[in-house]
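Visitor: whatever this is, show me its structure:
(one chain, ligands or ions: 1)
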Amino acid sequence: MQNLLARQRTVGGVLEFSGFGVHSGQPVTLTIAPAPADSGFKIQRIFEDGNIVGPVPVHFARVTRTTLCTTIDLGDSVSVATVEHVISALAGLGVDNALLTVNGPECPIIDGSAAPFAEGIMRAGLEIQGKSRRYIKIMRQVLVRNNEASAALEPYNGRLLDLEIDFDSKVIGRQRMIFDWTPRKYFMDVARARTFGFVRDAKILRQAGYALGSSLDNSITVHEDKILNPGGLRYEDEFVRHKLLDAIGDLALCGLPIYGRFRSYKGGHALNALVLHGLFASEANYQVVNAEDLPLGYDALNDMPEGLEVRPYLRSVG
Ligand SMILES: [Zn+2]
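Guide: Take a look at the predicted model:
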């Protein structure tokens with residue numbers, strides 16, 4: 001008999017999120033639908049005439065731009081930007097398979113965190129599927145650097161993220177977070193952390209046609225030594241928590257959950273993508289293992305957020 005905690009999961013129904021893109025400023029609707037076992041996260045774009053491009057795997061090999069957000073190339077000159085927060089919510093809550101459909105060039109930013117997506121997943125619940133969950137187990141260290149910034153994947157018995165940032169700003173400064181992943185801790189400690197930016201950068205970005213939809217409603221805005229958002233911060237160290245949220249989304253782009261330790265110093269989307277390229281550069285760096293062979297796989301998935309229903313029966317999807 002297979003242990004249910006070792007099996008793959010998908011969302012328990014179709015979820016819909018409407019908002020606008022942070023870069024384009026245009027309205028967009030994203031739906032998340034259940035998907036079969038072993039399909040991972042896939043994304044497609046639907047156009048007004050009903051034409052659909054995709055679905056394609058949300059995979060790091062398809063990432064085309066990493067400076068501001070994570071953009072997935074769907075082929076036929078079609079792409080979808082800002083996938084990292086919704087993917088973070090799915091991976092963070094322990095979802096293995098889902099089909100994303102977007103009717104515009106980027107996912108909605110909503111409040112700049114992963115909380116709206118995570119809350120939607122909470123409402124739909126999760127469905128356990130018929131196949132074992134698989135992990136990418138790190139077998140030897142992979143380290144990438146860019147000047148003083150670095151990112152590493154290392155062998156470790158568990159799923160740990162150790163992240164440090166250091167900004168030349170009094171309201172951010174040096175912040176470190178060590179996160180021992182479980183879905184409950186993700187929901188409580190990570191999902192609500194919002195993206196952030198500096199007023200000085202926003203002006204330059206807007207002139208270049210980016211961040212047209214960014215506002216105090218969807219990002220923490222720092223000006224000199226002040227936070228401009230009237231409500232202040234959601235967590236005292238919300239900045240490093242958002243970097244962690246991003247890293248969870250970025251690392252999920254390797255197609256399977258990673259079993260090991262991730263360390264990052266002054267990192268971001270570009271270094272996160274680079275460390276995945278480094279990981280897959282040699283087959284000696286990793287092994288694909290079944291959850292049954294990892295005792296922690298059971299324990300971490302046992303720790304679900306209160307109120308998230310995990311249904312142990314198969315319905316429409318395999
Ligand atoms: Zn982000």
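
Visitor: the longest helix seen in the chain and the ion, any residue contact?
Guide: Longest helix in the chain, counting residues (DSSP state H): helix 238-251. Yes - counting by C-beta under 5 Å from the ion, the ion has neighbours in helix 238-251: residue 246. To be clear about C-beta, it is placed using only N, CA and C from the backbone, and glycine gets the same treatment.

Visitor: what helices or strands is that helix leaning on?
Guide: For helix 238-251, the helices and strands in contact under the criterion 3 or more C-beta pairs under 8 Å, 6 or more residues apart in numbering; DSSP states H and E are helix 84-92, strand 159-166, strand 174-180, strand 196-198, strand 258-265, helix 269-279.

Visitor: can you list contacts of the last one?
Guide: Which is helix 269-279. Helix 269-279 has contacts (C-beta atoms under 8 Å, 6 or more residues apart in numbering) with 60, 63, 66-70, 84, 136, 138, 142-144, 146, 149-153, 246-247, 250-251, 253-254, 262, 264, 285-286.

Visitor: next, the angle helix 269-279 makes with the longest helix of the chain.
Guide: Orientation of helix 238-251 against helix 269-279 (axes from the mean of the first three to the mean of the last three C-alpha atoms, to 10 degrees) gives an angle of 40 degrees.

Visitor: ok, then the element right after the helix or strand bottoming out on mean pLDDT in the chain?
Guide: Using mean pLDDT, DSSP states H and E, helix 295-302 stands out as the lowest-scoring helix or strand of the chain, at a mean of 72. Of the helices and strands lying after helix 295-302 in sequence (DSSP states H and E), the nearest is strand 310-311.

Visitor: ok, and what's touching that next one?
Guide: The contact list for strand 310-311 (C-beta under 8 Å, 6+ apart) reads 9, 12, 125-128, 304.

Visitor: can you list these in TSV and add pLDDT and distance to residue 268?
Guide: Formatted as TSV, the contacts of strand 310-311 follow (pLDDT from 0 to 100; distance: C-beta to C-beta, whole Å):
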residue	pLDDT	distance to residue 268
9	95	29
12	95	33
125	96	33
126	96	30
127	94	34
128	93	34
304	92	29
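
Visitor: nice, that's everything, thank you.
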